[in-house]
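Peer 1: predicted model follows, preceded by the sequence.
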2 protein chains.
Amino acid sequence: MGVKDSKTEQLIKDTAKRLFLTEGRMLATTQDIADAAGVNRTLLHYYFRSRDVLFDLVFKEALRELRERIQSVMLSTAPFREKIENLINVFFEELIKSPYLETFIVLQMNQDPGKYEELFRTLPGGEQKMKIFFKEIQAEMDKGTIPEMKPIHFFMNFFSLMAYPFVARPIYEKMFDLNDAAFKKLVRERKKVILLSLFKNHEV
Amino acid sequence: MGVKDSKTEQLIKDTAKRLFLTEGRMLATTQDIADAAGVNRTLLHYYFRSRDVLFDLVFKEALRELRERIQSVMLSTAPFREKIENLINVFFEELIKSPYLETFIVLQMNQDPGKYEELFRTLPGGEQKMKIFFKEIQAEMDKGTIPEMKPIHFFMNFFSLMAYPFVARPIYEKMFDLNDAAFKKLVRERKKVILLSLFKNHEV
DNA sequence: GTATTGTTTGACAAAATTGTTAAACAAAGG
DNA sequence: CCTTTGTTTAACAATTTTGTCAAACAATAC
């Protein structure tokens, strides 16, 4: 066996993941990836056959992981407000790790809609579970802790408030002259802001 | 002069705009654009010299237009709540026209940060104007019509609630099995939902 | 040591995309 | 009708990127 053993395959995959999802270099060529990983470009084909295969692999893995983490929190038995807080934590963690996943998805879905269909289709029993979560949202409205609206709007609001600042990060950074530290500070503050904005009880 | 006169240049630009911003085909090749416009590919070089030049032109034009429309509303003398309503209308109009502008910006800014810097830098007097808008936000908090937070968070919330559903549209469509009509209906509903979510007075 | 297996490499081929050029063409003025 | 000007075209060149291959290499088993 070579001195690098079988770690090379993982190294390439991790590097691709970093370039695509963390640094937003979605157009990185096989050469870019090989260079960043410090390996010969041919190895990329040796292990993954083609750029497309590697690309899909990275994408699907990241998406699957995100979905699983979110679902496990969303379907936990924690009280509603606590559940929302946990979701914010999970989502922020994932978005800090992969700030371009969102953008990535949107683009991919458009370049070839249907290709990743199965990744969004509610799993067996998933639709049922989503309905349960939506019922919980409705119950909160009935209790008067969140404003009245279709549960899907609450859902969209929630994910909008969490995700968009990451998607728009470069815009905000230019617009308000923010450096990395300043942006991260804002993001930390947003955990409270989001709760404040979702719940009627405007105290934390 | 040729039979197509000088309309060809505009036709190519419009087609590129449509592909890039409306259909999200950001990777469309010169051939794709020429085909979509029904002209010979060489004309694209004849009028715009290179793909990059055309790409930048489309991008900058769209961005400038969006910014101007937003600024003109943001700096109008309308009462705060009305101003927010007008902003929603303008933003929705623009996003329906160019649903991929946001995504486009994010990617471009990352591929080559600094390249489009001047488009975000607050114009001469622009920073001053942003401060005025932020003061208006603060005044509303003092009046108690919106919850207490740094004005920049209100600003981020506002744009998140408006923009994200467009960015995430393909995801939502798969996730909740929405067709075009259903999605558009949701968007129409969101005008009210956003107001409901931004303002403390949870009635419309 | 030699065979075997999997890994790595550089050289090369193929494909896709962009950019250039020279010639054909079409309209309008003289 | 001939010239001028701007437009359009096809053929070609250049570049970039992906993909293939056979040979070199390294580790382990025999």
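Peer 2: That came through, no problem.
Peer 1: can we go C-alpha only for contacts and neighbour counts from here?
Peer 2: OK.
Peer 1: report whether the helix or strand A:Arg67 falls within contacts chain B.
Peer 2: Of the helices and strands defined by DSSP states H and E, A:Arg67 is found in helix A:51-74. No. For helix A:51-74 and chain B, the contact criterion (CA under 8 Å from any CA of the partner chain) is not met; the two come no nearer than 11.6 Å.
Peer 1: after that helix comes which helix or strand?
Peer 2: helix A:80-97.
Peer 1: hmm, back to that, quick one: buried residues of the helix holding A:Arg67?
Peer 2: Neighbour counts over helix A:51-74 (16 or more other CA atoms under 10 Å in any protein chain shown) mark A:54-55, A:57-59, A:62-63, A:66, A:70, A:73-74 as buried.
Peer 1: would you turn those into CSV with distance to DNA strand D?
Peer 2: Conversion of the buried residues of helix A:51-74 to CSV gives the following (distance: CA to the nearest atom of the strand, whole Å):
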residue, distance to DNA strand D
A:Leu54, 9
A:Phe55, 10
A:Leu57, 13
A:Val58, 15
A:Phe59, 15
A:Ala62, 20
A:Leu63, 22
A:Leu66, 26
A:Ile70, 32
A:Val73, 37
A:Met74, 37
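Peer 1: any idea which of those is closest to A:Met26?
Peer 2: Nearest to A:Met26 among the buried residues of helix A:51-74: A:Phe55, at 9.2 Å, using CA to CA.
Peer 1: could I get the contacting residues of the closest residue in space to that closest one that isn't next to it in sequence?
Peer 2: Closest residue in space to A:Phe55, ignoring its immediate chain neighbours: A:Ala16 at 7.8 Å, by CA to CA, 6 or more residues apart in numbering or on different chains. The contact partners of A:Ala16, taken as CA atoms under 8 Å, 6 or more residues apart in numbering or on different chains, are A:33, A:54-55, A:58.
Peer 1: equivalent analysis for A:Leu43, please.
Peer 2: With contacts defined as CA under 8 Å, 6+ apart, A:Leu43 is in contact with no residue.
Peer 1: now the helix or strand hosting it: how far from the chain's centre is it?
Peer 2: Taking DSSP H and E as the criterion, A:Leu43 maps to helix A:41-48. With CA atoms, centre = their mean, to the nearest Å as the basis, helix A:41-48 stands 27 Å off its chain's centre.
Peer 1: ok, back up a step: go ahead and measure how far the helix holding A:Arg67 is from the middle of the chain.
Peer 2: 9 Å.
Peer 1: next, the angle from that helix to helix A:41-48.
Peer 2: Angle, helix A:51-74 to helix A:41-48, by axes from the mean of the first three to the mean of the last three CA atoms, to 10 degrees: 60 degrees.
Peer 1: and the nearest residue to A:Asn157 once chain neighbours are set aside, helix, strand or coil?
Peer 2: Nearest residue to A:Asn157, sequence neighbours excluded (CA to CA, 6+ apart): B:Leu161, at 5.9 Å. Under DSSP: H, G, I helix; E, B strand; the rest coil, the three-state class of B:Leu161 is helix.
Peer 1: for B:Leu161, give me its contacts.
Peer 2: Neighbour list for B:Leu161: A:156-157, A:160-161, B:194 [criterion: CA under 8 Å, 6+ apart].
Peer 1: ok, now how distant is it from DNA strand D?
Peer 2: When distances are taken as CA to the nearest atom of the strand, to the nearest Å, B:Leu161 and DNA strand D turn out to be 35 Å apart.
Peer 1: tell me how far that residue lies from A:Ala163.
Peer 2: Plainly put, B:Leu161 is 10 Å away from A:Ala163 if you go by CA to CA, to the nearest Å.
Peer 1: try A:Glu94
Peer 2: According to CA to CA, A:Glu94 and A:Ala163 sit 10 Å apart.
Peer 1: and these two? which has more neighbours close in?
Peer 2: Between A:Glu94 and A:Ala163, counted using other CA atoms under 10 Å in any protein chain shown, the more crowded position is A:Ala163 (20 against 17).
Peer 1: contacts for the least confident helix or strand in chain A by mean pLDDT, please.
Peer 2: Lowest on mean pLDDT, DSSP states H and E among the helices and strands of chain A sits helix A:117-120, with a mean of 78. Helix A:117-120 has contacts (CA under 8 Å, 6+ apart) with A:60, A:63-64, B:171, B:174-175.
Peer 1: from the residues you listed, which is closest to DNA strand C?
Peer 2: Using CA to the nearest atom of the strand, the shortest approach to DNA strand C within these belongs to A:Lys60, at 22.7 Å.
Peer 1: residues contacting the closest one?
Peer 2: Shown in contact with A:Lys60 (CA under 8 Å, 6+ apart): A:Leu119.
Peer 1: any idea how far chain B is from it?
Peer 2: Between A:Lys60 and chain B the computed distance is 14 Å (CA to the nearest CA, to the nearest Å).
Peer 1: just the terminal-to-terminal distance for stretch A:12-29.
Peer 2: With CA to CA as the measure, the first residue of stretch A:12-29 is 13 Å from its last.
Peer 1: in that stretch, what's buried?
Peer 2: Buried residues in stretch A:12-29, defined by neighbour count with 16+ other CA under 10 Å: A:12-13, A:15-26.
Peer 1: is it in proximity to DNA strand C?
Peer 2: No. For stretch A:12-29 and DNA strand C, the contact criterion (CA under 7 Å from any atom of the strand) is not met; the two come no nearer than 9.6 Å.
Peer 1: could you give the average pLDDT over that stretch?
Peer 2: For stretch A:12-29, the mean per-residue pLDDT is 95.
Peer 1: how about stretch A:136-152?
Peer 2: Taken as a whole, stretch A:136-152 carries a mean pLDDT of 96.
Peer 1: same check on stretch A:48-67?
Peer 2: Stretch A:48-67 carries an average pLDDT of 94.
Peer 1: that stretch and DNA strand C in contact?
Peer 2: No. For stretch A:48-67, no contact with DNA strand C is found by CA under 7 Å from any atom of the strand; the gap never falls below 11.3 Å.
Peer 1: how much space separates A:Glu118 from DNA strand D?
Peer 2: The gap separating A:Glu118 from DNA strand D is 23 Å, by CA to the nearest atom of the strand.
Peer 1: A:Gln108 too?
Peer 2: Counting by CA to the nearest atom of the strand, the separation of A:Gln108 from DNA strand D is 15 Å.
Peer 1: number of residues surrounding that residue?
Peer 2: 19.
Peer 1: ok, it - contacts?
Peer 2: By CA under 8 Å, 6+ apart, the contact set of A:Gln108 is empty.
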